[in-house]
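Participant: okay, predicted coordinates and the sequence, questions at the end:
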Amino acid sequence: MTEKQITIALAGNPNSGKTTVFNNLTGARQHVGNWPGVTVEKKEGRLNFKGRRIRVVDLPGVYSLTAYSLDEVIARDFIVDESPDVVVDVVDAGNLERNIYLTVQLLEMGARVVIALNMMDVAASRGYRIDVPELSRLLGAPAVPMVAARNQGTPELLATILDVAEGNLPAAGMNLPYGRDVEEEIVKLEKVLADRPGATLYPPRWLAVKLLEDDREIVKKIRQV
Amino acid sequence: MQGEEIIRVRDQSLAHLRRVHGDDAETLIADARYGFISGLMKEVMTKPAVARVTATDRIDSFVLNRWLGIPLFLLILYGVFQFTFTVSAPLIDLIDSGLGWLAERVVTVSPAWLGSLLSDGIIGGVGAVLAFIPVIFLLYIALSILEDTGYLARAAFVMDRLMHKIGLHGRSFVSLILGFGCSVPAIMSARTIENPSDRLVTIMVTPLMSCGARLPVYALLAGAFFTANRGLVVFGMYAIGVVLAILLAWFFRKRLVPGESGHFVMELPPYRLPTVASVAAHVWERGWAFLSRAGTIIFVVVLAIWALDYFNVLQHIGQAIAPIFAPAGFGQWQPAVALVFGILAKETVVGAFGTLFAGAEGTGGFAAVLGGQLGWTPLIAFAFMTMILLYTPCVAAIGTIKKETGSWKWTLFTVAYTFALGWVVATLIYQIGRLFI
């Protein structure tokens, strides 16, 4: 097949059912290794869908994308360095408010996100009613309701991934406003970052935000310039 | 730029934010994320009643209530103007009498033209504007407190439902509220609106919001003609501005720039006690703009008015224009001149009155002069105030509209429609009011 391979990264909180989604997607075609330079397990799998070859990389389960833990740094470095075609964010619909924190951070990075809205059965049993189309619209990222434990929603998820990867479905993303005072400082920093010789992989707005958050990895990277 | 320099710029930003908010930028950014998420959750998820209720939830159950939300917002706005005017009135009188004393001392300076320049031009004109510093600063203090506590975000959230009905979004309302301070940053803030049609319409109606520069005009006229109810009258001006901005936005959205409206999340940051440093920084930022305008453009314009008046040219200019405004009740040459120069900066309307009626001291003095020389009644003063509110935005705002829309067509349209709207509304008020009074 001459088709270009599609790379997707699987992100999500611990206990969001990410591993189950990974297994549903890849079946037995898995490969376990280590992330380069560290002893953190890296799982990869492959599948074919509608004639496309898809490579799935399972990122460490994280709640956030700061530089405080190795897992978080691994997850976000992969998204920046490898620029996967799609980042699938597995979200526990029963703990939507807590899980969406990671989604927001992925969108802030400018990743092309597809939300796998997992455990819809748990959410329903707790009496939560989630307006999925509105969630997609407001976040600028398609959301697919699923119950991974019963392998429900996997074909829909794959179809959505393909649509986003091939540009048939715009993953518009969103610009999170940080408040007037912070925004002013972001503009200043974006300007000095733009003056820096040598382009960067990181989106400048995200870089500015990370500098203000005093993110030690990003500060280190900038210092080295 | 080298890495270390970037870090230095970053450190300055962090120090600035810490000074203003007393919090790390990291905390502010995390708060923004949580605010976004809690707004998002309110829009997409319904949960069965929960046991754990935070203080923010309890306050929000009133503030965001479907029926109470908008009346509460209006009540708070009304409270702001009552506070502003009650507290500032004695301060303004104090400054006025100080300036009056000073004007009497310098009017005798020779040569006569210099005495007139100092007393009528500078003290009468620029001083008349500066006398309203207390009103401006108090309003800015009140607005900054509302902003820093997180209430303005709620007001926008409450208006979001209504805004959706007119084909706009709550974020447009955030720009409109910022317009209470100054149209220029308010118009620029429409950048956060991603949908181009929404953004254009927001920019076009933002000048209808009553900015800080118009406040001295209301303070002067409401103080002169509506002493007992001045807070209410000024609140009325702001309310007319909001209502017309929303009505016209609906009309423009329907007729001029149709298309689907964008969707955003309305952020709901947690309530916070505002810090003194943060309020002070915001007040200073807004207030400084007013002070520096008084020292620059207003100073120059008022001097130009004085010079044209001194050489008897001004009256001819005014008399040529005045008939246009006769149907609205203020067809005299002095208000016509004030309106023309007001396009350069709205505060100069007060400066113009100060120069043209030099010697009138305090709001009481202006009541006597405007009533006696021009035959103004409270009705005419009210019609004139609505004209000030609605007519053509100042040049700084016009320039910003051009820059932000990138279109001369929409800029000139805004200049024209606002003038027409001001004239029509002022005329209607005067003509209909006359039937009853």
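Facilitator: Great, that's in hand.

Participant: run through the stretch 1-150 of chain B and note the low-pLDDT ranges.
Facilitator: In the predicted model, the stretch 1-150 of chain B carries pLDDT under 70 at residues B:1, B:49-53.

Participant: let me see the ranges of the strands in chain A.
Facilitator: Applying DSSP state E to chain A gives strands spanning A:6-12, A:30-34, A:41-49, A:52-58, A:86-92, A:113-118, A:129-130, A:143-145.

Participant: do you know which of those lies nearest chain B?
Facilitator: Go through those one by one with Cβ to the nearest Cβ and the one that ends up closest to chain B is strand A:129-130, at 4.6 Å. C-beta: built from backbone N, CA, C; applies to glycine.

Participant: where among the strands of chain A is the average confidence lowest?
Facilitator: Set side by side, these show their lowest mean pLDDT on strand A:30-34, which sits at a mean of 82.

Participant: relative to residue B:390, how far out is residue A:192?
Facilitator: Relative to residue B:390, residue A:192 is positioned 42 Å away (criterion: Cβ to Cβ, to the nearest Å).

Participant: the two: which has the busier surroundings?
Facilitator: residue B:390 (27 against 18; other Cβ atoms under 10 Å in any protein chain shown).

Participant: burial count for residue 162?
Facilitator: No chain specified, so I'll use chain A. A count of nearby residues for residue A:162, using other Cβ under 10 Å, gives 20.

Participant: that's the wrong chain, I wanted chain B
Facilitator: Neighbour count of residue B:162, defined by other Cβ under 10 Å: 15.

Participant: could you pull up the residues touching it?
Facilitator: Contacts were defined as Cβ atoms under 8 Å, 6 or more residues apart in numbering or on different chains; by that measure residue B:162 touches B:70, B:246.

Participant: okay, and it sits in which element?
Facilitator: Counting by DSSP states H and E, the secondary-structure element that holds residue B:162 is helix B:151-165.

Participant: with only the CA atoms kept, save the helix or strand that that helix is followed by in PDB.
Facilitator: Counting by DSSP H and E, the next helix or strand C-terminal to helix B:151-165 is helix B:170-178. Provided in PDB are the C-alpha atoms of helix B:170-178 (Å, rounded to 0.1, in the frame of the first residue of the first chain):
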ATOM      1  CA  GLY B 170     -21.700  36.500  25.700                       C
ATOM      2  CA  ARG B 171     -18.100  37.300  24.800                       C
ATOM      3  CA  SER B 172     -19.400  40.300  22.700                       C
ATOM      4  CA  PHE B 173     -21.000  41.500  26.000                       C
ATOM      5  CA  VAL B 174     -17.600  41.400  27.700                       C
ATOM      6  CA  SER B 175     -16.300  43.800  25.000                       C
ATOM      7  CA  LEU B 176     -19.400  46.000  25.500                       C
ATOM      8  CA  ILE B 177     -18.800  46.200  29.300                       C
ATOM      9  CA  LEU B 178     -15.200  47.100  28.700                       C
END
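
Participant: what helices or strands is helix B:170-178 leaning on?
Facilitator: Using 3 or more Cβ pairs under 8 Å, 6 or more residues apart in numbering or on different chains; DSSP states H and E as the contact criterion, the secondary-structure elements in contact with helix B:170-178 are helix B:151-165, helix B:183-189, helix B:196-205, helix B:230-255.

Participant: please convert these to JSON lines, extending it with distance to residue B:216 and mean pLDDT.
Facilitator: Written out in JSON lines, the entries for the helices and strands packed on helix B:170-178 read as follows (distance: least, Cβ to Cβ, whole Å; pLDDT from 0 to 100):
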{"stretch": "helix B:151-165", "distance to residue B:216": "23", "mean pLDDT": "82"}
{"stretch": "helix B:183-189", "distance to residue B:216": "15", "mean pLDDT": "85"}
{"stretch": "helix B:196-205", "distance to residue B:216": "23", "mean pLDDT": "91"}
{"stretch": "helix B:230-255", "distance to residue B:216": "11", "mean pLDDT": "91"}
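
Participant: of all the ones you listed, which one is nearest residue A:163?
Facilitator: Judged by Cβ to Cβ, the one of the helices and strands packed on helix B:170-178 that comes nearest to residue A:163 is helix B:196-205, at 24.8 Å.

Participant: need the residues that contact the closest one.
Facilitator: For helix B:196-205, the external contacting residues (Cβ under 8 Å, 6+ apart) are B:168-169, B:172, B:175-176, B:187, B:190-191, B:193, B:245-246, B:248-249, B:252-253, B:256-259, B:261-262, B:401, B:404-405, B:410, B:413-414, B:417.

Participant: filter the residues you listed down to the buried ones and express that as a ChimeraX selection.
Facilitator: Below is the selection syntax for ChimeraX that covers the buried ones among the contacts of helix B:196-205, with 16 or more other Cβ atoms under 10 Å in any protein chain shown defining burial:
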select /B:168,169,172,175,176,187,190,193,245,246,248,249,252,253,257,261,262,401,404,405,410,413,414,417
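
Participant: now do the helix or strand bottoming out on mean pLDDT in chain A: distance to the chain's middle.
Facilitator: In chain A, the helix or strand scored least confidently by mean pLDDT, DSSP states H and E is strand A:30-34, which has a mean of 82. If you compare the mean C-alpha spot of strand A:30-34 with that of the full chain, they lie 20 Å apart, counting by Cα atoms, centre = their mean, to the nearest Å.

Participant: now it against strand A:52-58, angle please.
Facilitator: Orientation of strand A:30-34 against strand A:52-58 (axes from the mean of the first three to the mean of the last three Cα atoms, to 10 degrees) gives an angle of 40 degrees.

Participant: buried residues of strand A:30-34, list them for me.
Facilitator: Going through strand A:30-34 with 16+ other Cβ under 10 Å, nothing comes out buried.

Participant: what is it packed up against?
Facilitator: If you count contacts as 3+ Cβ pairs under 8 Å, 6+ apart, strand A:30-34 packs onto strand A:41-49.

Participant: cutoff 10 Å now
Facilitator: Where contact means 3 or more Cβ pairs under 10 Å, 6 or more residues apart in numbering or on different chains; DSSP states H and E, strand A:30-34 is packed against strand A:41-49, strand A:52-58.

Participant: mind saving the C-alpha coords of the first one as CSV?
Facilitator: Output in CSV follows, covering the C-alpha atoms of strand A:41-49 (Å, rounded to 0.1, in the frame of the first residue of the first chain):
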residue,chain,number,x,y,z
GLU,A,41,7.3,1.6,29.4
LYS,A,42,6.2,2.6,25.9
LYS,A,43,3.5,0.6,24.2
GLU,A,44,2.8,0.8,20.5
GLY,A,45,0.3,-1.0,18.3
ARG,A,46,-0.7,-1.1,14.6
LEU,A,47,-3.9,-1.6,12.8
ASN,A,48,-5.5,-1.2,9.4
PHE,A,49,-8.7,0.7,8.9
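
Participant: mind listing what that strand pairs with, with the direction of each?
Facilitator: Strands flanking strand A:41-49 in the sheet, each with its direction: strand A:30-34 (antiparallel), strand A:52-58 (antiparallel) (DSSP bridges).

Participant: next, the angle strand A:6-12 makes with it.
Facilitator: 130 degrees.

Participant: what's in contact with strand A:41-49?
Facilitator: Residues lying outside strand A:41-49 but in contact with it, judged by Cβ atoms under 10 Å, 6 or more residues apart in numbering or on different chains, are A:1, A:3, A:5-8, A:10, A:19, A:22-23, A:25-36, A:53-60, A:74, A:78, A:154-155, A:158-159, A:161-162.

Participant: on that earlier part again, could the strands paired with strand A:41-49 be laid out in TSV, adding distance to residue B:327?
Facilitator: Formatted as TSV, the entries for these read as follows, by distance: least, Cβ to Cβ, whole Å:
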stretch	distance to residue B:327
strand A:30-34	82
strand A:52-58	72
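
Participant: so chain A: which segments form each domain?
Facilitator: Following automatic domain parsing, one finds the domains of chain A at A:6-165, A:180-223.

Participant: most tightly packed of those domains?
Facilitator: Relative to the other members of these, domain A:6-165 carries the highest mean neighbour count by mean count of other Cβ atoms under 10 Å in any protein chain shown, namely a mean of 19.

Participant: didn't residue B:303 look like it was pressed against residue B:117?
Facilitator: Yes - contact criterion Cβ atoms under 10 Å: residue B:303 and residue B:117 qualify, at 7.7 Å.
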